[in-house]
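Asker: Predicted model follows, preceded by the sequence.
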Amino acid sequence: MTTREFVKSNGIGIEMRGFAAARREFLGLIRKRYYGALATATPAGRPEVAPLRYALTDEFELVMGTLRTSRKYTNLQRNPEVAFVVWDDDFSIQIEGRFDEPVGTDQERLAHFFASEFPKEALIRADRPQHVYFRITPTWARYTDLSDDPPRVLTLDLASAGETRSSWPVIQPD
């Protein structure tokens, strides 16, 4: 067990790290995996989920691709608000954010970035005329690692200057 000092709040020990440090750590944690599940909503408000490979830029953009004929693309065009989850046996990452489809040089930048991360997959996608790269810009994210001692939960509020924005919550038994 670590001997760090924590401030208690609602049964959770809070270790203040500052937003910039927590954001850097979060980028590294998301880059531990390359697949996740993207949740969108149909025009009728029904949930749909799709497994996707993603790449993460230093600007905290989740870069993904799909066909313009897919259900998820139709959903994203109608409602850009999404949720995305990455997980394995040791941790989970929940992300809420907003879809957009950059055009011109920004679209090229995303395509090049994805290709630098996944060259084989980018070659396959290049042969699909209906393929498009898009990004999810996170507004909120939570990392949970229950295998750590003590277990950790990192929450970033990327849309506002709320107090969770600069905190590193660490769950500790009372």
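Answerer: Good, I have the coordinates. Residues are numbered from 1 along each chain as shown.
Asker: where exactly do the helices run in this protein?
Answerer: In the chain, the helices defined using DSSP state H lie at 19-30, 71-78, 104-117, 119-126.
Asker: Can you say which of those helices is nearest to R135?
Answerer: Taking Cβ to Cβ as the criterion, helix 104-117 is the member of the helices of the chain that comes nearest to R135, at 6.1 Å. Every C-beta, even on glycine, is put in place using the N, C-alpha and C of the backbone.
Asker: For that closest one, which helices and strands make contact with it?
Answerer: Packed against helix 104-117 by the contact rule (3 or more Cβ pairs under 8 Å, 6 or more residues apart in numbering; DSSP states H and E) you find strand 55-56, strand 62-67, helix 119-126, strand 131-145.
Asker: To S92, which of those lies closest?
Answerer: Nearest to S92 among those is strand 131-145; the distance by Cβ to Cβ comes to 5.1 Å.
Asker: partners of that closest one in the sheet?
Answerer: Strands flanking strand 131-145 in the sheet, each with its direction: strand 62-67 (antiparallel), strand 91-100 (antiparallel), strand 152-157 (antiparallel) (DSSP bridges).
Asker: Just the CA coordinates for the first one, please, in CSV.
Answerer: Output of strand 62-67 as CSV, limited to C-alpha atoms (Å, rounded to 0.1, in the frame of the first residue of the first chain):
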residue,chain,number,x,y,z
LEU,A,62,-9.5,9.9,-31.4
VAL,A,63,-9.0,9.1,-35.1
MET,A,64,-11.2,6.4,-36.6
GLY,A,65,-12.6,5.4,-40.0
THR,A,66,-15.7,4.0,-41.5
LEU,A,67,-17.7,3.7,-44.7
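Asker: Outside of that strand itself, list whatever touches it.
Answerer: Counting contacts by Cβ atoms under 8 Å, 6 or more residues apart in numbering, the residues outside strand 62-67 that touch it are 38, 50, 52-57, 72-73, 84, 95, 97, 110, 113-114, 125, 128, 130-138.
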